[in-house]
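Student: Let me see the structure of the following:
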Amino acid sequence: MGASATVTSVDSNINFESTLDGPHDLTVNAGTGATSFKGQIGSISALGDGLGAALVLQNSGANNFDDAVVTRSGITSSGSGAVSFANDVTLGDGDTGSTFAGAVTLGRAGETTQVSGYDGLTFSGEINLIDGASEIISNGSTIAFGDAVSGART
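Tutor: The predicted structure is shown next:
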């Protein structure tokens with residue numbers, strides 16, 4: 001990305017079909033629609049500038065990440081939409097931690113999934129673990145769970 005951006009739709013799905021890179025922040029709001037990230041995020045250059053959240057998810061629809069995610073700061077999910085990470089998530093040591101308002105699903109069958117973050121990780125909704133090892137690493141910061149952790153590997 002060449003600059004910070006906001007992508008909005010009126011209750012329609014938003015799909016990012018390819019790699020998403022760059023030292024700029026991204027805000028996405030699909031209303032009641034779903035947001036899908038098909039490619040890697042931050043594979044060449046971590047997403048975000050390290051000030052504030054690198055990625056803000058504002059929709060009440062589902063948010064699906066099919067590949068690895070690398071950011072310079074945290075992810076804020078302020079909408080009620082569930083967030084699903086099928087691969088590793090590396091949240092850099094910027095100035096903002098990560099907060100997830102809705103349910104979070106980690107992993108994919110038979111694979112190990114790791115979520116690593118700084119400046120606090122807050123999971124307000126349920127965490128669902130898919131059949132495979134899952135790790136949540138705080139790097140010395142706080143981890144807060146507001147609901148149950150369930151799944152094949154708890």
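Student: any idea how far N87 is from S141?
Tutor: 22 Å (C-beta to C-beta, to the nearest Å). Bear in mind the C-beta positions are built from the backbone N, C-alpha and C, glycine included.
Student: One more: L57?
Tutor: From L57 to N87 the distance is 17 Å (C-beta to C-beta).
Student: So which of the two has more stuff around it?
Tutor: Using other C-beta atoms under 10 Å as the criterion, L57 and N87 rank with L57 on top: 23 against 18.
Student: Who is that one paired with across the strands?
Tutor: For L57, the beta-bridge partners under DSSP bridges are V28, S77.
Student: Near the residue lying closest to S98 once chain neighbours are set aside, how many other residues are there?
Tutor: Distances taken as C-beta to C-beta, 6 or more residues apart in numbering place G74 nearest to S98, at 3.7 Å, with adjacent residues excluded. Counted with other C-beta under 10 Å, residues neighbouring G74 total 27.
Student: swap in the one 4 residues further on?
Tutor: Using other C-beta under 10 Å, S78 is surrounded by 16 other residues.
Student: now swap in A144 and tell me
Tutor: Neighbours around A144, by other C-beta under 10 Å: 12.
Student: State the helix or strand in which it lies.
Tutor: Using DSSP states H and E, A144 maps to strand 143-145.
Student: so what does that strand touch, helix or strand wise?
Tutor: strand 121-123 (3 or more C-beta pairs under 8 Å, 6 or more residues apart in numbering; DSSP states H and E).
Student: Going by secondary structure, G102 is in what exactly?
Tutor: Here G102 is assigned to no helix or strand, by DSSP H and E.
Student: Number of residues surrounding it?
Tutor: Applying other C-beta under 10 Å, we find 21 other residues in the vicinity of G102.
Student: ditto for Q58
Tutor: Neighbour count of Q58, defined by other C-beta under 10 Å: 20.
Student: ok, it touching G79?
Tutor: Yes - if you go by C-beta atoms under 8 Å, Q58 and G79 touch, sitting 4.7 Å apart.
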